[in-house]
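K.L.:
give me coordinates for this.
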Amino acid sequence: MAANAVPAKHSGCLMLFALPFAAVGVGMGMWLAYDFLDFAKTREWQEVPATIVRADLKSHSDSHNRTTYEAVAEYRYTVNSRTYTGHRVSLMSGSDNVGSFQRDAYRTLKQHVKSGRPFRCFVNPAQPEQSVLFRDLRWDMVLFRTVFATVFGSGGFGLLAAAFWMRRCAKRDAAAAAQRPDQPWLRRPDWAAGRVFDSVGRGLSILTIFTAFWCLMSIMPTWAFYHEDLFKQNRWSALLLVFPAIGVMMIVAVLVGLLRRWKYGRSLLEMASTPGVIGGQLAGVLHVSRKVIADDGFQLRLYCVQMVSQGEHSNESVLWQSKQTIVSELQQADPEKTAIPVLFAIPFDCLPTDPSQRRTWRLECRAKTPGLDFKTTFDVPVFRTSESSPNFQMDAHLLDGHVAPVDSEAEWNRSGVRKTLSPTGEGCRLAFPMMRQPWLGLLSLIAGIVFLGTPVFVYFATGDLTGSWLAGHVVATAATGLIFGLIGLILTFVAFDVWFYRSVVDISPQGLTIVGGWFGLGPTREIAAADVRELKTVSHMSVGSGAAKKSYYDIDVLLTSGKKITLGKRVLESGPTEAVLQEIRRAMGQASQTDPS
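P.N.:
Residues are numbered from 1 along each chain as shown. Model (predicted):
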């Protein structure tokens, strides 16, 4: 029961955290919609001359020394021989420090007060007492409210959906745990039935909802940009196009997911027995509702991952994994469907599924096919049971004719790590060269430039780095601008680290000798074999999503003292990292050791 109370508690906290974000998003969305409706109505108002009687600029300062301004005025105008008095300056009323509109409006109106020259105002013909001096949309305010409506609203509702889902799962698991306290794999109906559907649909549904909300909020700024020709008013209004551009990319991602689902249907893992057994096996059949033509076979991977918190960040650590290539599917009655055999042995020293520890077991299947590649993922139950045995031996002949021989050379080629004999003649040397992932470095550099350029953009876009809207609400203050700059510097450092970091590791039964740094010029560190506690892989970054997702893993050695030393950085995908780990263990005389982390 305790394990299930954690998610329930977290879901309540997450819900409380998400509500203000959702409220801000909805509020800003409604405010933005009201502005556009107001703007649409004033298109029919007639223009008449007005005499500006009074013009003032009100200022308000908060506890952070941020100052907002509001241009106020009193003016008189005549409609149908009757004189009216107006006070509304702009459609977007209230005080703000978004750009320089309030100060510019004040200076313009003050000049008309001094000169006595008439100024134009717009009057509602049906109700002449309704008037406004400036009826144009302010692109900066549209951008401001769109940012808050899309980002806060989408994030808030996404977190609320996650919180409701967590709460529902927690209640379900708590009820099932009361009935089956010693059989946690029976708490999920699909696990209990031994029929697990893929988890792709859930992620696609969340992405679709998020995309719909984002695109809905992007309609108004896009309309304003094109129909009001805001670019002529201010070239920085082109920033409004960022929102529909992101929306288009999100729509493409959704369409690709829907096309993949249409092409392959929903996948089902029918387990031979529930659960998968630590010190035993996970076996079953993966059913695909369409025929999948995979000339290079199906790449199956069973792996255990745990989210590891490091300060404010969480990284996905692969605790154990096993891969195989299925080159021959199972024969079945319906030739329009696909059946893939699944059989993995799970070492006795692996850790079980545990949501409270954020530890999950997944089965992944990929295949290169014409058009969109096939990919599906399942969350599978893996636990210790009465059948668990440290001496379990799987019958390797069960998959004869279905599994391709392991091509270790291909894994090495994918890793980009160079293996040679050690200069001492004992063990081996592994070199992690520079520039193995040039595109990853380029992406990091672009992101770094964006963050570094934000304070500079704020200055040139508004002419004011400390009192403008962007400084006050996006960069917030000069201190927050500094944070943006620091993030940019970190990302830029990551880019150069990706390009120029090089390490060389000599491995022997006596231990490890590591030289790592930019251009391979770092200090030499020697580690005795007795000081090595374990080897593990940790994913610090991923790029892309779905079938196009690429994860990069560091190979670390943990010492008995608790210290961690990185042997190599950013090896693409976990399969090659496992080949590297196995080679290190072999060279240290630990070929039979599994990764118990």
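K.L.:
pull the longest strand from this protein.
P.N.:
If you go by DSSP state E, the chain has its longest strand at strand 46-61.
K.L.:
what residues of the helix or strand following it count as buried?
P.N.:
Downstream of strand 46-61, the next assigned helix or strand under DSSP states H and E is strand 67-79. Within strand 67-79, the residues that count as buried by 16 or more other Cβ atoms under 10 Å are 68, 69, 70, 71, 72, 73, 75, 77. Using the backbone N, CA and C atoms, a C-beta is placed for each residue, glycine as well.
K.L.:
residues of the very next helix or strand once past strand 67-79 that come out buried?
P.N.:
Scanning forward in sequence from strand 67-79 by DSSP H and E, the next helix or strand is strand 82-86. Along strand 82-86, these residues count as buried under the neighbour rule (16+ other Cβ under 10 Å): 84, 86.
K.L.:
neighbours around residue 562, how many?
P.N.:
Residue 562 has 7 neighbours, counted by other Cβ atoms under 10 Å.
K.L.:
secondary structure class of it, three-state.
P.N.:
coil (DSSP: H, G, I helix; E, B strand; the rest coil).
K.L.:
start at 30 instead
P.N.:
Happy to do that; since the first residue is 30 now, the last one works out to residue 591.
K.L.:
roughly how far apart are it and residue 433?
P.N.:
Distance check for residue 591 against residue 433: by Cβ to Cβ, to the nearest Å, it reads 41 Å.
K.L.:
what's the answer for residue 533, then?
P.N.:
Look at residue 533 and residue 433: by Cβ to Cβ, they are 33 Å apart.
K.L.:
which of the two has more neighbours?
P.N.:
A count of neighbours by other Cβ under 10 Å puts residue 533 above the other of residue 533 and residue 433, at 20 against 14.
K.L.:
helix or strand right after the helix or strand the more buried one falls within?
P.N.:
Secondary structure from DSSP H and E places residue 533 in strand 530-537. Going down the chain from strand 530-537, the next helix or strand is strand 540-547, by DSSP H and E.
K.L.:
that following strand - contacts with which helices or strands?
P.N.:
On a contact count with 3 or more Cβ pairs under 8 Å, 6 or more residues apart in numbering; DSSP states H and E, strand 540-547 meets helix 507-529, strand 530-537, strand 553-557, strand 593-601.
K.L.:
show the average pLDDT along the third one.
P.N.:
Predicted confidence along strand 553-557 averages 92 (mean pLDDT).
K.L.:
ditto for the last one
P.N.:
The pLDDT scores in strand 593-601 average 88.
K.L.:
each with direction, which strands does that strand pair with?
P.N.:
strand 579-588 (antiparallel) (DSSP bridges).
K.L.:
list the contacts of stretch 219-229.
P.N.:
214-215, 286, 289-290, 295-304, 313, 404-410, 575 (Cβ atoms under 8 Å, 6 or more residues apart in numbering).
K.L.:
give the buried residues for it.
P.N.:
In stretch 219-229, counting by 16+ other Cβ under 10 Å, buried: 219, 220, 221, 223, 225, 227, 229.
K.L.:
just the CA atoms of it, as PDB, please.
P.N.:
The C-alpha coordinates for stretch 219-229 follow below in PDB (Å, rounded to 0.1, in the frame of the first residue of the first chain):
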ATOM      1  CA  ASP A 219      -3.600  -5.700 -18.900                       C
ATOM      2  CA  TRP A 220      -0.700  -7.200 -17.000                       C
ATOM      3  CA  ALA A 221      -3.100  -9.600 -15.100                       C
ATOM      4  CA  ALA A 222      -4.600 -10.700 -18.400                       C
ATOM      5  CA  GLY A 223      -1.100 -11.100 -20.000                       C
ATOM      6  CA  ARG A 224      -2.300  -9.000 -23.000                       C
ATOM      7  CA  VAL A 225      -0.300  -5.700 -23.000                       C
ATOM      8  CA  PHE A 226      -1.100  -3.100 -25.700                       C
ATOM      9  CA  ASP A 227       1.500  -0.700 -26.900                       C
ATOM     10  CA  SER A 228       2.000   2.600 -25.200                       C
ATOM     11  CA  VAL A 229       2.300   4.600 -28.400                       C
END
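K.L.:
ok so, going back, could I get the buried residues of strand 96-108 as a markdown table with distance to residue 148 and pLDDT?
P.N.:
Compiled in a markdown table, these are given as follows (distance: Cβ to Cβ, whole Å; pLDDT from 0 to 100):
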| residue | distance to residue 148 | pLDDT |
| --- | --- | --- |
| 97 | 24 | 82 |
| 98 | 19 | 86 |
| 99 | 18 | 89 |
| 100 | 13 | 91 |
| 101 | 15 | 92 |
| 102 | 9 | 94 |
| 104 | 7 | 95 |
| 106 | 9 | 94 |
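K.L.:
show me the contact partners of the strand holding residue 533.
P.N.:
Here strand 530-537 has contacts from 451-453, 455-463, 541-549, 551, 595-598, 612-613, 616-617, using Cβ under 8 Å, 6+ apart.
K.L.:
how close does residue 579 sit to residue 52?
P.N.:
Between residue 579 and residue 52 the distance is 37 Å, computed by Cβ to Cβ.
K.L.:
and residue 190, that's in a strand?
P.N.:
No. In this structure, residue 190 is helix, not part of a strand, as judged by three-state DSSP.
K.L.:
thinking again about what came up before, nearest to residue 352, out of the helices and strands packed on strand 540-547?
P.N.:
strand 593-601 (14.3 Å; Cβ to Cβ).
K.L.:
so which bits of the closest one are buried?
P.N.:
Applying 16+ other Cβ under 10 Å to strand 593-601 flags 596, 597, 598, 599, 600, 601 as buried.
K.L.:
residue 173: which of the residues you listed is nearest?
P.N.:
Of all the buried residues of strand 593-601, residue 599 has the smallest distance to residue 173: 37.9 Å, by Cβ to Cβ.
K.L.:
I figured that closest one hits residue 583, correct?
P.N.:
Yes. Counting by Cβ atoms under 8 Å, residue 583 is a contact partner of residue 599 at 6.7 Å.
K.L.:
who touches both of these two?
P.N.:
residue 569.
K.L.:
point out where the stretch 180-329 of the chain drops to low pLDDT.
P.N.:
Counting by pLDDT under 70, the low-confidence segments of the stretch 180-329 of the chain come to 195, 198-199, 201-210, 231, 249, 252-269.
K.L.:
can you give me the strands in it?
P.N.:
For the stretch 180-329 of the chain, the strands defined by DSSP state E, counting those that start in this stretch occupy 224-226, 296-300, 305-306, 309-317, 327-339.
K.L.:
just put these in a markdown table and tack on distance to residue 427.
P.N.:
As requested, the strands of the stretch 180-329 of the chain are exported to a markdown table (distance: least, Cβ to Cβ, whole Å):
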| stretch | distance to residue 427 |
| --- | --- |
| strand 224-226 | 21 |
| strand 296-300 | 15 |
| strand 305-306 | 15 |
| strand 309-317 | 8 |
| strand 327-339 | 14 |
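K.L.:
deepest of those strands, which one?
P.N.:
Neighbour counts averaged per stretch over the strands of the stretch 180-329 of the chain are highest for strand 305-306, at a mean of 26; criterion: mean count of other Cβ atoms under 10 Å.
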